[in-house]
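Enquirer: From the sequence below, what's the structure:
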Amino acid sequence: MFQVSFGLANVFFAIVVVFAGTRILDYMQYAKQTGYLPGIRSLVTPISLFGVLFPTSRWNPGREWQWQWRKDVYKRHGTETISSLPYLFGGPAIYTSSLDVARQIVAMKGEFYKTKEMTAITLVWGPNVFAANGDEWKRFRRIMNPAFATSTFASVWDETCRGFREMFVGQGWDGLESIDILDISPLTNKFALMLISSAGFGHPLSWDPRTPGSKTMSFGEALHIITHNLILRLVVPRIAYWLPIKRLQDIKEAYKIVRVFLLTLIDTRRKEFAAGAPAQNDVLSLMILSAENEGHLSMTDDELIGNTSILLFAGHDTLAMTLNATLGFMGLYHEYQEEMYQEVLAVMPTSAEFTFGNSRKLRKVQACFLETLRYFLAGFMWIRDTAEDIVLEHVGPNRDQRIAVPRGTPVVVDAIGLHHNPRLFPEPDKFKPERWYDAPESALTMFSLGTRVRIGRRFAITAGVCFLANLLRDWRVELLAPHGESRAEWEARYRRA
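Expert: Have a look, this model is predicted:
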């Protein structure tokens, strides 16, 4: 008995020694692979299953380290580009909050690519421009460009106005002097969903998507279920959908309904175009028409669904969250809210002048929306893998160094770090819409950089500005703090994101 136990102890000790030795060698290799950059040292890497599952702590950066450590992580290491090395599980990565380095990562052709593991959540609907690389990305982008023209944004403006009116009527707010809203997010999510359906798919929804007396799920209900279960759809194995669990069955049914609806809509639009009918101004119709002109380089049905869905569902999330946060800032900073109100009155004094054509003059309203998006960024990581050995420039404490990065190394633009970088945005924790007065499109780095800039950025901006302008014409936003909570306490809680 003693001999057996002693033997097992030896085996266990040997396993521990081998594992420790292997990890030490891996750590040394990882340090070399990332150019011996200083940075985060933890038990597991942030880009790993363990890293995502557990909360942010000293030993596990977790999902929220970019936000929670944004004020000091780069300052502490004396550089805008750092490395992340795990002691136990995961691989190395380079993170940057430098605009110079970010431009290299996003703009380089062929040297970086997006892996399927990092874009899996976007592939639920099918191949799309967000997950594509190389020639496939170019083909997608060429076909999609005509769908994001001035006529599209004019339609977005009109549909936003319609949705705003329906929200007020549907909620029973007409004629009221004041409205208390404890949680605005269900309303902005619903509003953004209506906009997706109308401006995105050419299928207007009513504020109440349910069909009275119907036992089947409506298209609007299906969209609602999908937007609230994107992560669950990704992580739950397909075999689980055979289980009699209502939530999973609802998700399965919702995806089926939306897919069948979109396939039918694509077929209908193609037949209409073949018969000489003009294109409508929704994104899907314009993409179908553009794809039909590409011959053998056209998009398949799956590619049309994938590209339309990723743009619009991602835009839904960005729009809803940014509107929520903008209303919070308006309640905190009445001086900015008053400036926005006066601007709306000056630019659009009558309903006849409340047009998309005049919306470009709402520079202060747009600036407030953009500053909110900078502060509470929706897409907080732009992840690339190196497709070949490359050299990154502008790294180190003085941004005057170069490091060699071998093929297969993940390089991540920390978009939160970038947009809270005090060198780029002085006093980054202050809400300062004036940063964006008359800013050119190229300065709107919240929507990525260079050729990979988000094609739907003007869609989101148009909808956001229109929603805020509609609200400001008749309403003032005030804080509704819990009993006994001061303005400073409310603001501190709000800014924790």
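Enquirer: how many other residues sit next to the nearest residue to residue 37 once chain neighbours are set aside?
Expert: Spatial nearest neighbour of residue 37, chain neighbours left out: residue 83 (4.0 Å); criterion: Cβ to Cβ, 6 or more residues apart in numbering. All C-beta spots, glycine's among them, are computed from the backbone N, C-alpha and C. Neighbour count for residue 83, taken as other Cβ atoms under 10 Å: 23.
Enquirer: With residue 61 instead?
Expert: Residue 61 has 27 nearby residues by other Cβ under 10 Å.
Enquirer: So for it, what's the nearest residue that isn't a sequence neighbour?
Expert: That would be residue 46: by Cβ to Cβ, 6+ apart, it lies 4.3 Å from residue 61.
Enquirer: again, but for residue 476
Expert: residue 337 (7.1 Å).
Enquirer: you'd agree the residue nearest to residue 37 is up against residue 38?
Expert: Yes: between residue 83 and residue 38 there is a contact under Cβ atoms under 8 Å: 7.2 Å.
Enquirer: ok so, going back, quick one: secondary structure of the residue nearest to residue 476?
Expert: helix (DSSP: H, G, I helix; E, B strand; the rest coil).
Enquirer: ok, now which ones touch it?
Expert: 330-331, 472, 476-477 (Cβ atoms under 8 Å, 6 or more residues apart in numbering).
Enquirer: what's the most distant pair in those?
Expert: 331 and 472 (12.7 Å; Cβ to Cβ).
Enquirer: neighbour-wise, which of these two wins?
Expert: Legend: neighbour count by other Cβ under 10 Å for residue 331 and residue 472, higher for residue 472 (22 against 19).
Enquirer: one step back: confirm that the residue nearest to residue 37 sits in a helix.
Expert: No: secondary structure of residue 83 (three-state DSSP): strand, not part of a helix.
Enquirer: Could you give the bridge partners of it?
Expert: residue 39, residue 94 (DSSP bridges).
Enquirer: what's the spacing between it and residue 395?
Expert: 10 Å (Cβ to Cβ, to the nearest Å).
Enquirer: got any residues that touch both of these two?
Expert: 35, 37.
Enquirer: Just give me how far the helix or strand where residue 308 lies sits from the chain centre.
Expert: Using DSSP states H and E, residue 308 falls within helix 301-332. When distances are taken as Cα atoms, centre = their mean, to the nearest Å, helix 301-332 is centred 7 Å away from the chain's centroid.
Enquirer: Which positions in it come out as buried?
Expert: 303-316, 318-332 (16 or more other Cβ atoms under 10 Å).
Enquirer: Report the contact partners of the spatially closest residue to residue 422 that is not a sequence neighbour.
Expert: In space, residue 422 comes closest to residue 428 once its chain neighbours are excluded; the distance is 5.5 Å by Cβ to Cβ, 6+ apart. Under the criterion of Cβ under 8 Å, 6+ apart, the contact list for residue 428 reads 419-422.
Enquirer: any idea how far residue 317 is from the residue lying closest to residue 64 once chain neighbours are set aside?
Expert: Nearest residue to residue 64, sequence neighbours excluded (Cβ to Cβ, 6+ apart): residue 56, at 4.8 Å. Separation of residue 56 from residue 317 (Cβ to Cβ) stands at 21 Å.
Enquirer: Ok, residue 93 next?
Expert: In terms of Cβ to Cβ, residue 93 sits 24 Å off from residue 317.
Enquirer: quick revisit: got the contacts of residue 428 as TSV, with secondary structure, pLDDT and distance to residue 107 columns?
Expert: Output for these, formatted as TSV (DSSP: H, G, I helix; E, B strand; the rest coil; pLDDT from 0 to 100; distance: Cβ to Cβ, whole Å):
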residue	secondary structure	pLDDT	distance to residue 107
419	helix	96	18
420	coil	96	22
421	coil	96	18
422	coil	96	24
